[in-house]
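**Student:** show me how the following folds:
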Amino acid sequence: MVYAISLDKQVEVTNPAVLIEKPQVDLVEQESFYITLSDAIKREWLVRLNFFEEANVAKLELASFEDSEAFVGRGVIREMDLVPFEMNPETQEILFRDIFGQIYPVQFDEIINIELL
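**Tutor:** Numbering: from 1, shown residues only. Prediction:
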């Protein structure tokens, strides 16, 4: 589960029509994410992070005939510009900091794409 919030004012998703399945990222690409993150942590580089954020099913505005269980595991892709500063290999959690110093924990398996800026 990703708990990061963008610097843009982002409203929590309540429309189930915009939700998507989590995109699959292959192992080679995940290895490149790991290398990029390791280098960015050492040098305190700014990265553009695209990650999957699972929707809160309890807050979806569903029709009376829709079952909330059908939307479990669906979410949206978020994009943020952050600086990674710590990676925990046991929990696979990466801590990112924005330009204001706010800390955002992101799970490694939720990362869809990462770019150095």
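**Student:** quick one: low-confidence parts of this structure?
**Tutor:** 1-11 (pLDDT under 70).
**Student:** and if we set it to 90?
**Tutor:** Filtered on pLDDT under 90, the chain yields the residue ranges 1-20, 53-73, 89, 91, 98-102, 104, 117.
**Student:** show me where it has its strands.
**Tutor:** Applying DSSP state E to the chain gives strands spanning 47-54, 75-88, 93-97, 103-107, 111-116.
**Student:** now the residue most central in space within the chain. Nearest residue, chain neighbours left out?
**Tutor:** By C-alpha atoms, centre = their mean, the chain has its centre lying nearest to Phe51, at 3.0 Å. With C-beta to C-beta, 6 or more residues apart in numbering as the criterion, Phe51 has its nearest non-adjacent residue at 4.8 Å, and that residue is Glu110. Where you see a C-beta, it was placed from the backbone N, CA and C, and this is true even at glycine.
**Student:** the one you found - how many residues pack around it?
**Tutor:** Per other C-beta atoms under 10 Å, the neighbour tally for Glu110 reads 23.
**Student:** and if you look at Phe33?
**Tutor:** Phe33 - counted by other C-beta under 10 Å - has 18 other residues nearby.
**Student:** beta partners for Glu79?
**Tutor:** Asn50 (DSSP bridges).
**Student:** I'd guessed it sits against Val47; true?
**Tutor:** No - checked against C-beta atoms under 8 Å, the pair Glu79 and Val47 is beyond contact range at 10.9 Å.
**Student:** comparing the two, which residue is more hemmed in?
**Tutor:** Comparing Glu79 with Val47 by other C-beta under 10 Å, the one with more neighbours is Val47, at 21 against 13.
**Student:** out of the strands of the chain, which is closest to Gln30?
**Tutor:** strand 111-116 (7.8 Å; C-beta to C-beta).
**Student:** quick revisit: cross-check the contact I'm expecting between the residue nearest to Phe51 and Phe33.
**Tutor:** No - assessed by C-beta under 8 Å, Glu110 is found out of contact with Phe33, at 10.9 Å.
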